[in-house]
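> have a look at this prediction, sequence included:
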Amino acid sequence: SAPPPSPGAEPVVTTDDASLPAAVAVGARVVDMAAGKSHSVALTDAGAVYTWGSNHEGKLGVGYTLGDALCSATPRCTFAPTADARVVSVHAGTNQCFAVVRAAAAW
C-alpha cells in the first residue's frame with residue numbers, strides 16, 4: 001500500500017451532509033475502527049491513524065483553538081507511523097480517542 005500522508009495532511013474525502021451515513025476514504029485499507037459519541041477513528045494497514053467528526057475539546061487529536069471548526073466530516077491523518085512507534089489498534093470513548101502503539105504505550 002502507499003505510504004501514509006503526514007499528520008495534518010489535507011483531507012481526502014468530503015461529504016455535503018454529515019448527518020447521514022456516508023462512505024469515507026483514507027487512501028489505504030482500514031484494519032481497525034472505533035466510534036465515540038460524535039467522532040470516529042480509523043487505523044490503516046500502513047499504520048496511519050485518521051479521525052473525523054466532532055473536535056469538541058480537541059478529541060480528534062488535531063488540537064483545538066477557539067474559533068476552529070468544531071466538526072469535520074472528512075477523515076484527517078492525525079498520526080503517521082515512525083520507526084519508533086507503530087499503532088496496532090485504535091479505540092474511542094465518549095469524548096476521546098486512544099491509540100495503542102507497538103510498545104504497548106497509550107497515546
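Good, I have the coordinates.
> which strands or helices does the lowest-mean-pLDDT helix or strand in the chain pack on?
When the helices and strands of the chain are compared on mean pLDDT, DSSP states H and E, strand 71-79 comes out lowest with a mean of 85. Packed against strand 71-79, as judged by 3 or more Cβ pairs under 8 Å, 6 or more residues apart in numbering; DSSP states H and E, are the following elements: strand 49-54. Bear in mind the C-beta positions are built from the backbone N, C-alpha and C, glycine included.
> for the least confident helix or strand of the chain, list every residue counted as buried.
Of all the residues in strand 71-79, those buried under the rule 16 or more other Cβ atoms under 10 Å are 72, 73, 74, 75, 76, 77, 78, 79.
> now do the third one against residue 43, distance only.
Spelled out, that is residue 74. Residue 74 is 17 Å from residue 43, where distance means Cβ to Cβ, to the nearest Å.
> next: the fourth one.
The gap separating residue 75 from residue 43 is 11 Å, by Cβ to Cβ.
> what do the two both touch?
Contact with both residue 75 and residue 43 is made by residues residue 50, according to Cβ atoms under 8 Å, 6 or more residues apart in numbering.
> quick one: residues contacting residue 41.
Contacts of residue 41 by Cβ under 8 Å, 6+ apart are 33, 34, 35, 49, 50, 51, 90, 91, 92, 97, 99.
> the fourth one touches residue 89, doesn't it?
No - contact between residue 49 and residue 89 fails when scored by Cβ atoms under 8 Å: they sit 10.2 Å apart.
> and those two? which has more neighbours close in?
residue 49 (25 against 12; other Cβ atoms under 10 Å).
> now do the strands in this protein.
Applying DSSP state E to the chain gives strands spanning 30-35, 39-44, 49-54, 71-79, 87-93, 96-101.
> just put those in CSV and tack on distance to residue 64.
Listed next are these as CSV, based on distance: least, Cβ to Cβ, whole Å:
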stretch, distance to residue 64
strand 30-35, 20
strand 39-44, 12
strand 49-54, 11
strand 71-79, 12
strand 87-93, 17
strand 96-101, 13
